[in-house]
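Engineer: Just the structure for this:
(chains A, B and C)
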Amino acid sequence: MNDLKKCVFPADLNSALAALSDRKSSPFALAGGTLSGKNIGPETGSLVDLKRLPLSAIKATASGLSIGALATFDEIENSKAVKSWAGGVLCAAAAKCSSQLVRNMATIGGNIARPNAFNVFPPLLLALDAKVKVAWKGGSRTLPLAGLYDGTLKRTPGRDCLITEVILPASSKGLKCAFEKFARTESSWESYITLAMCAEVKKGVIKSARIGIGALSAVPALAPKAAAALAGGSPGEAAGKTAAAALAGDLAGMRISPKSMEFKKEVAAALLRRFVASLA
Amino acid sequence: MKKNKTESLAAEKGLFVISLTLNGRPAEFRVKPGDFLLDALRAHGWKGTKKGCDTGDCGSCAVMFNGKPRLACMIPAVTAHGAVVGTIEGVGTVDKPHPVQEAFVEAGAVQCGFCIPGMVITSKHLLENVPDPSEAQIKKALDGNLCRCTGYVKQIEAVKIASKKLRTKRAAK
Amino acid sequence: MEKKDFKVVNQRVDKQDALGLACGHPVFADDMDFAGMLYGRLLWSPHAHARIKKIDVSAAMKVPGVKAVLTWKDVPRVLRTTAGQGYPEPSPYDTCTLDNKVRFVGDRVAAVAAETPEAAQEALGLIKVDYEVLPALFDPLLADKPGAPVIHDEPDAKNIPDAKKNIAAKFEFEVKNGEWFKDADFVFEKTYSMPYLQHCAIENHTVITSLDHHGRLVIRTSTQVPFHVRRIVAQALQIPVKKIRVIKPRIGGGFGSKQEVLLEDICSALTLKTGKPVRIEYNRKETFVSSRTRHPAVVRLKTGVKKDGTITDAEMDITLNTGAYGSHALTVMMCSGSHTIPMYKVANNIKFIGKSVYTNLPVAGAYRGYGATQGFFAWESQMDIMADAVGMDRIEFRKRNYIRLGEGSPVFKAMGEGREGVEQVITSTGLYECIEEGMKAIKWKEKKEKYRHQTGPVRRGLGMCGLMQGSGIPEVDMGCATIKMNEDGSFNLLMGAADLGTGSDTILSQIAAEVLGVKVTDIIAHSSDTDITPFDVGAYASSTTFISGGAVKKAAERVREMIIEVGAKILEKKKEDLRLEGGKVVARDGASCSLSEVANTSLYYYNQHQITASASHFGHTSPPPFAAHFAEVEVDTETGKVRILDYVSCVDCGTAINPTLAEGQNDGATLNGIGHTLSEEMEFSSAGTPLNASFRRYKIPSTEDLPPMKTIIIPTFEPNGPFGAKSVSEIGINGPLPAVANAIADATGARLYDGPFTPDKVLRAVKNRAS
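Structural biologist: Here you go, the predicted model:
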């Protein structure tokens, strides 16, 4: 950051996007700064400080739960709207992020903008089938979260576009969910494995499920085999065991280092079994 | 504090000049592009805020920043322009200590003292928002302030003592 | 002297500097600005083992703002130790300020001083080094085997027992009493291990050196050992001691990592070269990698036990990994035996075999616990194993075998800390009370009963351990204090003793105030300035209360004599009829005069003299503090996660000079031990590169990791200590590893022998137990 020549404090989205489109100034957008603040390279000539943008509102709408990209972990954790959504699982996940001082600064937008194994929201948002709104000068697009990592979005959030909003679909409101970050200590950034487990349960039947896996790779993954194994079953020990066995297949299919793979599989299986049993 | 005007700062001779409100008074800092708020504070004589890790993991650099305790080592100094900042020096002095500072002394919660400014900043904010916190709430609020000396036992006690002191103070008003 | 109504000692007095610290006073090393100060940075080796064939600093020197670049050619080659120990230090002389060989990733290569930190950083990047990379050694168990690379092949190293075999220290001791294990009904041989661990004091190592108006070197440093710093810098840079002044400001924690002369020599060299103040401040990564760590250790403990609960024989074999240099290699190794074996009554044979070996990894040094941590993990785990084998209650087995009041051990004389120890017997112990109180506090019997029949994957269990440590190094550690009286009846207390946040300034003031009959606020403490305060070895070996406190008490008693002498003249009474109380000299018949009157008389009116005295003290014994730790754990046998549900530590430190501070010391030590037990370890790549040298990846416990935890002080009275005091600061860190290992075994039947007990290891142990 030693060659920084300019710092812009946009008060509205259009000014922010205009600043980012000024390629000559080599701009970089900064939200909370807890991930990227220490990694602003020497090529950055202009810092675009997003903190003044009115992008932190959280509200339930007809199409779902809208969370402004600049909402901090602390704001999300304490939001009534978030608490009443999907059993408050986003609050539980937000609480698991690092420490209070970091939660006071880190934003949901920053947490999903770049792939990082220890980021807390990506596996959960994947499991909740969330969408993300991205804006750039003269345009915007709403796409599934995975689109940020699989090349669909041919832009780089923070450099030439901004994530403005995270939208949880209305159908996710009544989901039964659990978020497990299995780590060495309570404030560990890394974990052995992170699981975001969401299930739609109606009249004692698991209609569908989505399981997001974090910590094993930079990009979060879904566990489709485990989800398929759960669909149509009734919650309980037997369903749990079947799903856990299927989950092992999902994990085996991920290209992860074999180190402690067996252990992670066991833990994942236990956590999934317990989640399924809890749905009864 | 959110301004409703877009602003822009340019570096002159390799330095940014930023204006901020520091401990209730207007202040002007000359900061290098690569500085973080922690470096800028210390360079301008505010030595109470400490550098323990510079990666946002120890909390000894905690300051009040626009109404919340935040990590000064993670805030690029130039982005503190227009911010309202509070450091430990603004909380209280030896002649007029804040009840939270008194409580830390009474509880025996100060050993080496290096983590204490950050602890006080965080604790004070907690008590202003949750006047009678449970032990679980205290632990959660302080989980970003690392201490290797005390094992936290007396620090948690200090927050409880401070809560009582502040309640007495409020009742007296 | 029996316990009596102490007026100041054993009171919960506020720590003198606490309020200032809570207000953010600028009292730490880096809080002072020096005009014209340069920023020093060090260049680190990227290789685990290499010779520096060529080093070219010409490009670095050209960076604007760079004032000096030093390599091994620019500083004296004086092989010495960095260990802050008394002279002659019982550590190998294998380190010099800058060398032409590097021995671990993170070893020193060169030093730069520049006007800005950016210029210094740029200069570092422009230093061109030609390395001849050598094969590296990482496994301490292979260090002395044929074919292992020789790490210290320099001909001028001294005090290395066997450099060709990478042996930095070795020691053996045996008590022979018949055939080994012939009386044992059961023999157990187990191996216990601990990894690299770091102190993680929140303040990084920081030094600022400058020249005063007389051209003397002034070193302002975050150190536990100011007088050793002065001597060793003089030795390293070949300048006279009288040209150096060392000042210790407030320190942000040390725990042993600052019992080391780490940066003062190179920073001083930069100041001598440039004529300017220079500051070197480690960043967190440098503190992890390039300061000091705990000695990783492998302990093989072979013990025999009889059906009646007698421990028949004990063979303790420890290999410590001392890293690339041998700082504290001998002493930590010896303490692993000298601070543990005496705890136990062994009927027949005792053998201790210890060695510390070099590897191409970070340098281990002093760390709270100092060998006893490694030793007690082995011993106190094995106590449970032996108790179970003979069918005795685990606590009854210990009570039967622990050392008691008046008893001694052959180990006390045979093994000290770096040399022979001293014969001693236990002159105070509250160990049994610690055990009783701890059992009550954690509800041992009730919970053991409750947990006898458990089902389900989540299991609970209880474990405990007994501990001892030492109180200073007998016949070696010395401290001195000077007290002088002021007009208003206050006193300046000048001590070499180093307060590293422990509150020693306060408790030493309490001791002085108790003797002089004044309030602790009438004592003005000033410590650790080598020009002004008298000598003290520094803060280590749990010696400050016991040794420095002894010196303060003696000095205060001498000053008391002088006051009474003057008071006798003023009151026209006999000296024997006078005492000091409440800020006055008081006669048996109630007549009194104020201390201020005494001071003014002595300074101004009559037979003018300054009432002042100095006194030195060193110990002839090292009375151990004792402790008992109790842990209740919950183990999830499907995931391996261990949660501590309750933790009680009861500690006997004699008289607690300040109970609040003593509790705080023990709380901190215990939680640090819990960190060692459940999560902390340094990790390295196969090339010796540190992988988790940051607070982001090496997590120390936060408030969210704090289990319900309680310290109970069990008072006893140690006749050899000031007002009955012993030490307290180290012992707590040794408890969690064995207590939690025992609790996990109690809960699941699975025993862990390798710290930390991370979920993957616990799960594996549980599954192996089941099969």
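
Engineer: A:Cys161 contacts A:Gly138, doesn't it?
Structural biologist: No: with contacts counted by C-beta atoms under 8 Å, A:Cys161 stays clear of A:Gly138, the gap being 10.7 Å. Just so you know, the C-beta spots here come from the backbone N, C-alpha and C atoms, and that holds for glycine as well.

Engineer: the more surrounded of those two?
Structural biologist: Taking neighbours as other C-beta atoms under 10 Å in any protein chain shown, A:Cys161 and A:Gly138 compare with A:Cys161 leading, 23 against 9.

Engineer: So what sits opposite that one in the bridge?
Structural biologist: Bridge pairing for A:Cys161 (DSSP bridges) gives the partners A:Pro157.

Engineer: Just list what the helix or strand of chain C with the lowest mean pLDDT packs against, helices and strands only.
Structural biologist: Here the helix or strand of chain C ranked lowest by mean pLDDT, DSSP states H and E is helix C:410-414, holding a mean of 91. Under the contact definition 3 or more C-beta pairs under 8 Å, 6 or more residues apart in numbering or on different chains; DSSP states H and E, helix C:410-414 sits against strand C:167-175, helix C:329-338, strand C:346-358.

Engineer: So what touches the first one?
Structural biologist: Which is strand C:167-175. Strand C:167-175 has contacts (C-beta atoms under 8 Å, 6 or more residues apart in numbering or on different chains) with C:91-92, C:94, C:143-144, C:152, C:160-162, C:320, C:322, C:326, C:329-330, C:333-334, C:337, C:346, C:349-358, C:410-411, C:414-415.

Engineer: rewinding a little: reformat the helices and strands packed on helix C:410-414 as CSV; add mean pLDDT.
Structural biologist: Shown next, in CSV, are the helices and strands packed on helix C:410-414 (pLDDT from 0 to 100):
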stretch, mean pLDDT
strand C:167-175, 96
helix C:329-338, 96
strand C:346-358, 97
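
Engineer: With adjacent residues omitted, what lies nearest to C:Val488?
Structural biologist: Rather than Val, residue C:488 is Asp. Spatial nearest neighbour of C:Asp488, excluding adjacent residues (C-beta to C-beta, 6 or more residues apart in numbering or on different chains): C:Ser596 at 5.3 Å.

Engineer: just how off-centre is the least confident helix or strand of chain C within its chain?
Structural biologist: 22 Å (C-alpha atoms, centre = their mean, to the nearest Å).

Engineer: Output it in CSV with nothing but the alpha carbons.
Structural biologist: Taking Å, rounded to 0.1, in the frame of the first residue of the first chain, the C-alpha atoms of helix C:410-414 are listed here in CSV:
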residue,chain,number,x,y,z
PRO,C,410,18.8,-37.7,47.2
VAL,C,411,17.9,-35.8,44.0
PHE,C,412,18.0,-32.4,45.8
LYS,C,413,21.7,-32.7,46.3
ALA,C,414,22.6,-34.5,43.1
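
Engineer: pLDDT on the helix or strand following that helix, on average?
Structural biologist: Going down the chain from helix C:410-414, the next helix or strand is helix C:431-442, by DSSP states H and E. The average pLDDT for helix C:431-442 rounds to 98.

Engineer: how about the least confident helix or strand of chain C: buried residues?
Structural biologist: Buried positions in helix C:410-414, judged by neighbour count with 16 or more other C-beta atoms under 10 Å in any protein chain shown: C:Pro410, C:Val411, C:Phe412, C:Ala414.

Engineer: And stretch A:74-91, by the same measure?
Structural biologist: Across stretch A:74-91, burial judged by 16+ other C-beta under 10 Å covers A:74-77, A:79, A:81-82, A:85-91.

Engineer: Please apply the same query to stretch C:569-580.
Structural biologist: Applying 16+ other C-beta under 10 Å to stretch C:569-580 flags C:Ile570, C:Leu571, C:Lys573, C:Leu578, C:Leu580 as buried.

Engineer: With stretch A:196-213 instead?
Structural biologist: A:196-201, A:206, A:208-213.

Engineer: Sort out for me which of those are in strands.
Structural biologist: Using DSSP state E, the members of these that fall within strands are A:196-201, A:206, A:208-213.

Engineer: ok, which pair from the residues you listed is furthest apart?
Structural biologist: Largest separation among those by C-beta to C-beta: A:Val201 and A:Ile213, giving 21.0 Å.

Engineer: just to revisit the earlier point, list just the nearest of the buried residues of helix C:410-414 to chain A.
Structural biologist: Chain A lies nearest to C:Val411 out of the buried residues of helix C:410-414, by C-beta to the nearest C-beta, at 36.7 Å.

Engineer: what's the burial count for the closest residue to A:Gly158 other than its chain neighbours?
Structural biologist: Closest residue in space to A:Gly158, ignoring its immediate chain neighbours: A:Ala29 at 4.6 Å, by C-beta to C-beta, 6+ apart. Using other C-beta under 10 Å, A:Ala29 has 27 neighbouring residues.

Engineer: does A:Ala29 have beta-bridge partners, and which?
Structural biologist: Here A:Ala29, judged by DSSP bridges, has bridge partners A:Val48.

Engineer: That one contacts A:Leu162, doesn't it?
Structural biologist: Yes: look at A:Ala29 against A:Leu162 with C-beta under 8 Å: they come within range, at 6.1 Å.

Engineer: what sits in contact with each of the two?
Structural biologist: Common neighbours of A:Ala29 and A:Leu162 (C-beta under 8 Å, 6+ apart) are A:Ala16, A:Leu20, A:Leu50.

Engineer: quick one: which of those is nearest chain B?
Structural biologist: Chain B has its nearest neighbour among the shared contacts of A:Ala29 and A:Leu162 in A:Ala16, at 8.4 Å by C-beta to the nearest C-beta.

Engineer: so the closest one, which of the three states?
Structural biologist: Put simply, A:Ala16 is helix when judged by DSSP: H, G, I helix; E, B strand; the rest coil.

Engineer: Could you verify that C:Ala555 is part of a strand?
Structural biologist: No: assigned with three-state DSSP, C:Ala555 falls outside any strand and is helix.

Engineer: Let me know the secondary structure of residue 54.
Structural biologist: All of this is about chain A. The three-state label given to A:Pro54 by three-state DSSP is coil.

Engineer: give me the number of residues near it?
Structural biologist: By the criterion of other C-beta under 10 Å, A:Pro54 has 12 neighbours.

Engineer: my guess is it contacts A:Ala16, does it?
Structural biologist: No: at 10.8 Å, A:Pro54 and A:Ala16 do not qualify as touching, with contact defined as C-beta under 8 Å.

Engineer: so A:Thr242 is in which element?
Structural biologist: Using DSSP H and E, A:Thr242 maps to helix A:237-253.

Engineer: Could you name the helices and strands sitting against whichever helix or strand comes after that helix?
Structural biologist: Downstream of helix A:237-253, the first helix or strand assigned by DSSP H and E is helix A:261-278. Applying 3+ C-beta pairs under 8 Å, 6+ apart, one finds that helix A:261-278 makes contact with strand A:176-182, strand A:193-202, strand A:205-214, helix A:237-253, helix C:759-770.

Engineer: Go again with 10 Å.
Structural biologist: Here helix A:261-278 is seen to pack against strand A:176-182, strand A:193-202, strand A:205-214, helix A:224-230, helix A:237-253, strand C:626-636, helix C:759-770 when contacts are counted using 3 or more C-beta pairs under 10 Å, 6 or more residues apart in numbering or on different chains; DSSP states H and E.
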